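Student: 3D model of this:
(one chain, ligands or ions: 1)
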Amino acid sequence: MRKSPPLRGTVRISGSKNSVLPILAASLLAEGKSKIGEVPFLKDVVIMQDLLKYFGAEVKWDKVNGFIEICADNINGYEAAYDLASQMRASFLVMGPLLARIGKAKVPLPGGCAIGSRPVDLHLKGFAALGADIKQQNGYVEAYANKLKGAKIYLDFPSVGATENIIMAAVYAEGTTIIENAAVEPEIVDLANYLNGMGADIRGAGTDSIKINGVDKLKGTSHNVIPDRIEAGTFMVAGAITRGEIFLENVVSDHLKPVIAKLKECNVEVTESEKGIKVCGKDVIKAVDIKTLPYPGFPTDMQAPFMSLLSIAEGTSMVIETVFENRFMHVGELKRMGAQIKIESRSAIIEGVKKLTGTQVRATDLRAGASLILSALVAEETTEISDIYHIERGYSEIDKKLIALGADLEKVK
Ligand code: EPZ
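Tutor: Numbers count the residues shown, from 1 in each chain. Below you'll find the predicted structure:
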């Protein structure tokens, strides 16, 4: 990548990675065909598709038109193959559907990843509350239950994945399940809308108390995935950091409130309309303080991308990461590009600098990789980013989208 001119033009945001993955897992619950639209072309979707096929589902993915057809009439497998499931943490989301549909599931215990240990204790606490027998051995989690029974479950932390897994496990449970302190992310609402479209009875998704009344069966349905609010936020920063003027289509402003608020605090002009969001970057980028929180707070997934903008802001910014314990892997790489950042436990203090300088850097995880791309757009000289497979897990054709906006980059095999 080389220093790019101010980005200009329109970009269409793809469907949400963190919505399509639980929705695809949920398709295991139903008989009949589901047609999921707005499916982003991502490596993580390839892995989830392969998992569904592995369990016996028929899956057809029209990558050109962005939809996947799934028929899960014959689900015969319940053990997720290690070589498949271990590639992606979100594979653990098949546990709830398998437990609900066939009463048993065996899934590799997700390993840690670059951003933290990523335990699944809250998922398992929920399954146990519904009456499942849980065993952890040889690096696998096994869960068995003849008939799950509705229960009242309190989540110690509003975990997105635990909320999704417990909702999916509870759809066929006898009686009513209530999840207290549930995650309220838009992706939870999208999953609930898909499940209710199949005949589930889920109320309160999007609030911290979700009620699921068990039903007898679900039938496949059509559903379009919501736009990816993190991809949208990332492109908004791209427009701001290059002082460009870009228009984002296929976005839900409501899902981006904290990101829009912070961009405006940085002196970036953001205009929302029914058609989409316009972002105009100004010469002066003001330093701001950020604290990541569960939705509707500032999203942890935008922490790394936003830090690129703050590294060339005028003044000192403070970023506090409260959701994951090790989500500053991008800082070392940004410092190689000349950023002035100091880390004290979960806080990063960023002294804005006049310019960044290109060099060789490495993507350590999905959003850290995105922050390197954003910095490379404005860094003097050339930046070479390696391990970009991390980035391609969560950003559909990000190179093509940026080049269409005028970025000076090419993907090197
Ligand atoms: C989802 O991960 C997203 N992934 C993450 O996006 C996102 O950062 C995260 O939610 C928070 O918004 C998908 O949706 C596929 P959590 P998830 O359970 O479900 C702790 C990206 O870049 N925790 O809400 O794993 C956990 O350790 C990815 O797109 C427990 O302690 O997030 C973490 O500190 C990264 N026990 C915190 O909760 C549990 O059982 C938030 O985790 C579960 C979680």
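Student: Name the spans of the protein whose pLDDT lies under the cut-off.
Tutor: Judged by pLDDT under 70, the chain has its weakly predicted residues at 112.
Student: What distance do you get for T207 to the ligand?
Tutor: T207 is 16 Å from the ligand, where distance means Cβ to the nearest ligand atom, to the nearest Å. C-beta here means a position set from N, CA and C on the backbone, and glycine is covered the same way.
Student: That residue is in contact with V184, isn't it?
Tutor: Yes. The pair T207 / V184 is scored as a contact, 6.2 Å apart, by Cβ atoms under 8 Å.
Student: So between these two, which is more surrounded?
Tutor: V184 (20 against 12; other Cβ atoms under 10 Å).
Student: how about the residues of this structure that lie near the ligand?
Tutor: By the rule Cβ under 6 Å from any ligand atom, the part of the chain lying against the ligand is 17-18, 21, 90, 116, 118-123, 157, 159-162, 183, 300-301, 323-324, 366-367, 394.
Student: Please pick the buried ones from these.
Tutor: 17-18, 21, 90, 118, 120, 122-123, 159-162, 183, 300-301, 323-324, 366-367, 394 (16 or more other Cβ atoms under 10 Å).
Student: what are the phi and psi angles of K219?
Tutor: Note on K219: backbone dihedrals following degrees, to the nearest 10 are phi -120, psi 140.
Student: circling back: in helices only, show me the residues of the chain next to the ligand.
Tutor: Among the residues of the chain next to the ligand, DSSP state H puts K17, N18, L21, D121, L122, H123, V160, G161, A162, L366, R367 in helices.
Student: okay, these in JSON lines with distance to K152 next?
Tutor: Output for those, formatted as JSON lines (distance: Cβ to Cβ, whole Å):
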{"residue": "K17", "distance to K152": "31"}
{"residue": "N18", "distance to K152": "26"}
{"residue": "L21", "distance to K152": "27"}
{"residue": "D121", "distance to K152": "18"}
{"residue": "L122", "distance to K152": "15"}
{"residue": "H123", "distance to K152": "17"}
{"residue": "V160", "distance to K152": "20"}
{"residue": "G161", "distance to K152": "20"}
{"residue": "A162", "distance to K152": "15"}
{"residue": "L366", "distance to K152": "35"}
{"residue": "R367", "distance to K152": "34"}
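Student: Identify, from those residues, the entry nearest to S311.
Tutor: R367 (14.9 Å; Cβ to Cβ).
Student: From Y395, how far off is the closest one?
Tutor: 10 Å (Cβ to Cβ, to the nearest Å).
Student: Quick one: end-to-end distance for stretch 386-400.
Tutor: 17 Å (Cα to Cα, to the nearest Å).
Student: Contacts for it next, please.
Tutor: Contacts to stretch 386-400, defined as Cβ atoms under 8 Å, 6 or more residues apart in numbering, come from residues 14, 17, 40-44, 88, 230-231, 234, 360-370, 373, 385, 409-411.
Student: buried subset of those?
Tutor: Applying 16+ other Cβ under 10 Å to these flags 14, 17, 40, 42-44, 88, 230-231, 234, 361-370, 373, 385, 409 as buried.
Student: So which of those residues are in helices?
Tutor: Going by DSSP H, the helices hold K17, K43, D44, I230, E231, T234, L366, R367, A368, G369, A370, I373 from these.
Student: Now for those residues: which two are most distant?
Tutor: It's D44 and I373 that sit farthest apart of those, by Cβ to Cβ, at 18.1 Å.
Student: I'd assumed A200 was in contact with K217.
Tutor: No. Applying Cβ under 8 Å, one finds K217 not in contact with A200, separated by 10.0 Å.
Student: In the stretch 201-350 of the chain, what residue spans correspond to strands?
Tutor: 201-203, 209-213, 222-224, 245-249, 269-273, 276-280, 290-292, 316-321, 340-344, 347-351 (DSSP state E, counting those that start in this stretch).
Student: and the gap between the closest residue to M236 other than its chain neighbours and I47?
Tutor: Using Cβ to Cβ, 6 or more residues apart in numbering and skipping the chain neighbours, the partner closest in space to M236 is V279 (4.8 Å). V279 is 32 Å from I47, where distance means Cβ to Cβ.
Student: Show me which of the two is the more surrounded one.
Tutor: V279 (23 against 18).
Student: Quick check: the more buried one touching V251?
Tutor: No. Using Cβ under 8 Å, V279 is not in contact with V251, being 10.6 Å away.
Student: for I391, helix, strand, or coil?
Tutor: Three-state assignment for I391 (DSSP: H, G, I helix; E, B strand; the rest coil): helix.
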